[in-house]
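Trainee: Make a model of this:
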Amino acid sequence: MVISKAKTVCQPICDYSHTNGPVSEEQVEQHALDHPGKGARCENCNRFFTKEWGLSCHLSNGHCSEMNRALFEETDGSTAKFEVEYIADVAGKEGKPLFYKVKWVGYELNWNREKGEKTAWEHSRLLDGCDEVLKQFWDGREDKPEDDIPFDDVRWGRHLHFCYDCGKVFGRKQDLTGHQTKSRTDANACWGKTPPSRSGSKTEYDIRVQRKIDLANTLPKIEMGETELANTFIFKYLGMDVPADGDWSATPKKRMAIARKAFNEMYPLWIDKNLPKKLKLHLYEASVLSILTHGCEAWSLTGKGGKGGLQATLKGWNARCLVTLSRTDDESIEGEEMGLRIRQECNAPTIDINRKIRHRRFRWLGQILRLEKDQNNKTRLLKQAVLQMEKPYPPGSILMDVPPHESMEDLVDYAHDIDRWSIWTNAILDPEHA
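Mentor: Numbering: from 1, shown residues only. Predicted coordinates for the structure are as follows:
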């Protein structure tokens, strides 16, 4: 056997658990700076994301409060625009955005959002095309935009309290304190001071993986002859990602990302109202689900009945695709309506992805258990690995659907009864007609 040194790498096995700590906004921003060209930044609130998809979700799901703050609709649904007459004042602190007291053409200076109208204290980024007005304003002042500029409570009222993070004004100090300490899920929370949590997000996951990659690169290296082998945290084999920390969720996440990309590339087909839905479903199974389920026999399919664990993740992923597939090009689904359709698809899926995966795994398990001793070494190794599993079996393992049995020998005997094994296999896919 000839071993290629160029293709050989070392995967250090150590304790990576300390890299799973909290992820701060500063660390996300530093990750973006260390990996230029990867990820994206929101132009509205300057939050960084490790994937373009993360930014897309941030904008389309209404998570960017600063972007929403800039939108005001006319009665016909179009976005309203307001003309600046002059700028009356400014407030801001070093390291934080500037907010201008704006006099809008045709409106009073103290036009108040709290009364159902648009606020007159505006973030500097919203004054698009106002360079001349801004120049006139700063030419008449001694301070500069980069200076600390306190809110002028003498001019605008001693009883007022200003939030330097989002530009809101409050009549009582306790109202300002409550505004700045509210949970991000509260509609009245300060969008500038309390950004949305990264907990459970793809960005958080990517940052933690990068920490482990960086740790693996700092560990001692081994040599093959005179060649020093590179360390790797993720070993790629036959289309699967095998991480050094044993995180079984890495491969399903990778497959979902690849399959979603394939699904998006076929978007014109999904919304084509001339194609029957039955044909779209066949295309979806052949072109998307086939990519998703590659190597699913090795997944830990945690969760029960599609609730919790990987099963819940797959069910949600599949439901979002099927809702899009059911649309037509002249139908727009957004917000609550989209959420309702996704929940309906989760509860009564057109294609039950979890049952399909379980069906495929159980059929494959029967083939493995029926292997004879004279089979090649690779397939015999698979059978040996299955036979060495002990009760209670790990949740979501390849043995999750096996019938009651006393020993592995009983299970092998069951597998050799092909007709009975086929009935059990079909019962997973269609329990009502088993």
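Trainee: Now do the helices in the stretch 251-400 of the chain.
Mentor: Taking DSSP state H, counting those that start in this stretch as the criterion, the stretch 251-400 of the chain carries its helices at 267-270, 277-284, 290-292, 309-325, 335-347, 353-369, 377-387.
Trainee: so which of these comes closest to residue 138?
Mentor: helix 335-347 (40.7 Å; Cβ to Cβ). Where C-beta positions appear, they are placed from N, C-alpha and C, glycine not excepted.
Trainee: domains for the chain, by residue range?
Mentor: 1-62+199-247, 69-181, 249-351, 355-433 (automatic domain parsing).
Trainee: By mean pLDDT, show me the worst of these.
Mentor: Mean pLDDT per stretch puts domain 69-181 lowest among the domains of the chain, at a mean of 75.
Trainee: How far does stretch 426-434 sit from its chain's centre?
Mentor: From the chain centre to the centre of stretch 426-434 is a distance of 33 Å (Cα atoms, centre = their mean, to the nearest Å).
Trainee: Sort out which residues of that stretch are buried, please.
Mentor: Within stretch 426-434, the residues that count as buried by 16 or more other Cβ atoms under 10 Å are 428-429.
Trainee: same check, this time on stretch 249-257
Mentor: For stretch 249-257, burial by neighbour count (16+ other Cβ under 10 Å) applies to 250-256.
Trainee: Looking at those residues, which is nearest residue 326?
Mentor: Distances from residue 326 to these, taken by Cβ to Cβ, are shortest for residue 256, at 19.8 Å.
Trainee: Spatially central residue in this structure, please.
Mentor: residue 202 (4.1 Å; Cα atoms, centre = their mean).
Trainee: Now for that residue: which residues touch it?
Mentor: Contacts for residue 202 (Cβ atoms under 8 Å, 6 or more residues apart in numbering) come out as 50-51, 53-54.
Trainee: Who wins on neighbours among those residues?
Mentor: Per-residue neighbour counts (other Cβ atoms under 10 Å) across these peak at residue 50, which has 23 neighbours.
Trainee: what about the strands in this protein?
Mentor: Per DSSP state E, the chain carries strands over the ranges 40-41, 48-49, 84-91, 99-104, 121-123, 161-162, 169-170, 223-224, 227-228, 234-237, 240-243.
Trainee: Chain neighbours aside, what residue packs nearest to residue 284?
Mentor: In this structure, residue 284 finds its nearest non-sequential neighbour in residue 325, 6.0 Å apart by Cβ to Cβ, 6 or more residues apart in numbering.
Trainee: contacting residues around the one you found?
Mentor: Residues near residue 325 by Cβ under 8 Å, 6+ apart: 270, 277, 280-281, 284.
Trainee: Using TSV, please lay out those residues together with distance to residue 154.
Mentor: As requested, the contacts of residue 325 are exported to TSV (distance: Cβ to Cβ, whole Å):
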residue	distance to residue 154
270	60
277	67
280	66
281	68
284	65
